[in-house]
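Trainee: okay, sequence plus prediction incoming.
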Amino acid sequence: MNESRIVIAQITDSHIRAPGRLAYCKVDTAHHLAQTVALLAAPPVPVDAVIVTGDLTDFAADEEYAHFRKLVSPLSVPIYPVPGNHDERAALRRAFADLIDLPAEGPQCHVADVGRVRVAMVDSTVPGAPHGEMTATTLAWLDRVLAEAPERPTLVALHHPPFLTGVRHMDVQNCRGADALEELLRRHPNVCGLTCGHVHRTVITTFAGQAAMIAPSPAHAVSFDLAADAPPSFSMEPPAVLLHVWGAGSDAMTTHWLPVGRSDGPYPFFDDAGRLID
Ligand SMILES: [Fe+2]
C-alpha cells in the first residue's frame, strides 16, 4: 500500500442472483459485477480496498452470496460489505465469516481500516423493511468509532441515503433519523464525507457540512424521473464505480466516477515535439 495515497473503491447495489438467473428477468447483474471487478483488479487503477454499500444480492439467498463471493474473488484487496434492504444480516454475516468478524447479532456495523484512512461501515437497514433508519444503537456505535481515532480521516458509508434526491419513490424509503445523524457528524471533524447506495444513481450533495454522495450501481440504474408520480422503474445506463482517493494532491478526499467497460483511448494531447495536436 502506498501510504501517501489511499484509494478505496465503492461498489454498490450489485443485486447478484444465483448463477444463470437474471434480476427482474432482464439484468445480467453477474456480468456487470464481473466487468467491474476486472476493472478494479487490473492496472492502472491502484485500489487498496473495496467497500460494498448494500444490496449485494437480490433476495439474500445463500447461493446468491456464494455467487457474489465467486465474482469478486479476482480482487486481491480487502472487501468490506454492509447490508442493504435486499440483504439479510445473518446471511451476509455467514457469507463473509472467513473475512470479517461481523457482530453476532443486531446491526452489522464495522470499521474498515485502510492505511491511515478509516471507513465507518454503518448498517442502516431495518429488517424486513425497504427504508433505513439510524437507531440509538447505531448512532452510539458511530459516535464511539469517530471518537476513538480523531486524527484519522473517516468516511461514513451506509446503504440508505439520509438526504433526499428528488426521485420520489426512492426518497420515501431513505434513511430515517437523519437529523440525529447530522448532529452527530457535525461533532466529529475527522468525518471527511458520507457515501451511500440504494438509489442506483450518481448523486452528489452536502450533508452535515460534508461531501455526501450516492454511488451508481454497476448494473441497472433507477430511472431518472423527478415527477412526483413517477413510477418505480429501472434503465440500463452506463455502469460505473466510485473511487475515493486521499493524497491526490491535498489531504482531502477526492472522489472519481469511473465508467465500467471499454472506453476508447487513451490518445495524446501533444505531438512528439510537445505541440498541442491541431
Ligand atoms: Fe439496490
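Mentor: Done, it's in.

Trainee: now the helices for the chain?
Mentor: 29-41, 62-72, 89-95, 136-148, 168-171, 178-186 (DSSP state H).

Trainee: turn those into a markdown table, including distance to Ala18.
Mentor: Placement of C-beta: from N, CA and C, glycine included. Shown next, in a markdown table, are the helices of the chain (distance: least, CB to CB, whole Å):
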| stretch | distance to Ala18 |
| --- | --- |
| helix 29-41 | 9 |
| helix 62-72 | 5 |
| helix 89-95 | 13 |
| helix 136-148 | 31 |
| helix 168-171 | 26 |
| helix 178-186 | 35 |
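
Trainee: include mean pLDDT when you put those helices into JSON lines, please.
Mentor: Output for those, formatted as JSON lines (pLDDT from 0 to 100):
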{"stretch": "helix 29-41", "mean pLDDT": "96"}
{"stretch": "helix 62-72", "mean pLDDT": "98"}
{"stretch": "helix 89-95", "mean pLDDT": "98"}
{"stretch": "helix 136-148", "mean pLDDT": "98"}
{"stretch": "helix 168-171", "mean pLDDT": "95"}
{"stretch": "helix 178-186", "mean pLDDT": "98"}
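
Trainee: okay if I get these as TSV plus mean neighbour count and distance to the ion?
Mentor: Formatted as TSV, those follow (neighbours: other CB atoms under 10 Å; distance: least, CB to the ion, whole Å):
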stretch	mean neighbour count	distance to the ion
helix 29-41	20	10
helix 62-72	19	13
helix 89-95	19	14
helix 136-148	15	20
helix 168-171	16	9
helix 178-186	17	19
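
Trainee: among the ones you listed, which comes closest to Thr202?
Mentor: helix 168-171 (13.6 Å; CB to CB).

Trainee: alpha carbons of that closest one, as CSV, please.
Mentor: Provided in CSV are the C-alpha atoms of helix 168-171 (Å, rounded to 0.1, in the frame of the first residue of the first chain):
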residue,chain,number,x,y,z
ARG,A,168,-39.8,10.4,-5.0
HIS,A,169,-40.4,6.6,-4.9
MET,A,170,-36.8,6.2,-3.5
ASP,A,171,-37.0,9.2,-1.2
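
Trainee: show me what that helix is packed up against.
Mentor: The criterion is 3 or more CB pairs under 8 Å, 6 or more residues apart in numbering; DSSP states H and E, and there are no helices or strands that helix 168-171 contacts.

Trainee: what about it, distance to the chain center?
Mentor: For helix 168-171, the gap between its own C-alpha mean and the chain's C-alpha mean amounts to 19 Å (CA atoms, centre = their mean, to the nearest Å).

Trainee: spell out which parts of the protein neighbour the ion.
Mentor: Residues of the chain found near the ion (CB under 5 Å from the ion) are 13, 55.

Trainee: switch to 6 Å and redo it
Mentor: 13, 15, 55, 84, 86, 198, 200 (CB under 6 Å from the ion).

Trainee: and stretch 74-83, what's buried?
Mentor: 75, 77, 79-83 (16 or more other CB atoms under 10 Å).

Trainee: biggest separation within those, which pair?
Mentor: Across the buried residues of stretch 74-83 (CB to CB), the longest gap, 20.8 Å, separates Val77 and Pro83.

Trainee: hang on, the earlier thing: just the buried members of the residues of the chain next to the ion?
Mentor: The buried subset of the residues of the chain next to the ion - by 16+ other CB under 10 Å - is 13, 15, 55, 84, 86, 198, 200.

Trainee: turn these into a markdown table, including distance to Ala66 and pLDDT.
Mentor: Listed next are these as a markdown table, based on distance: CB to CB, whole Å; pLDDT from 0 to 100:
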| residue | distance to Ala66 | pLDDT |
| --- | --- | --- |
| Asp13 | 19 | 97 |
| His15 | 15 | 98 |
| Asp55 | 16 | 97 |
| Gly84 | 18 | 98 |
| His86 | 16 | 98 |
| His198 | 24 | 97 |
| His200 | 23 | 97 |
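
Trainee: ok, the residues you listed vs Ser223, which is closest?
Mentor: For those, the residue nearest Ser223 by CB to CB is His200; the value is 9.2 Å.

Trainee: one step back: so which of the helices of the chain gets nearest Asp278?
Mentor: Among the helices of the chain, helix 29-41 sits nearest to Asp278 (CB to CB), with 33.1 Å.

Trainee: just want the angle from the closest one to helix 62-72.
Mentor: Put simply, helix 29-41 runs at 30 degrees to helix 62-72, going by axes from the mean of the first three to the mean of the last three CA atoms, to 10 degrees.
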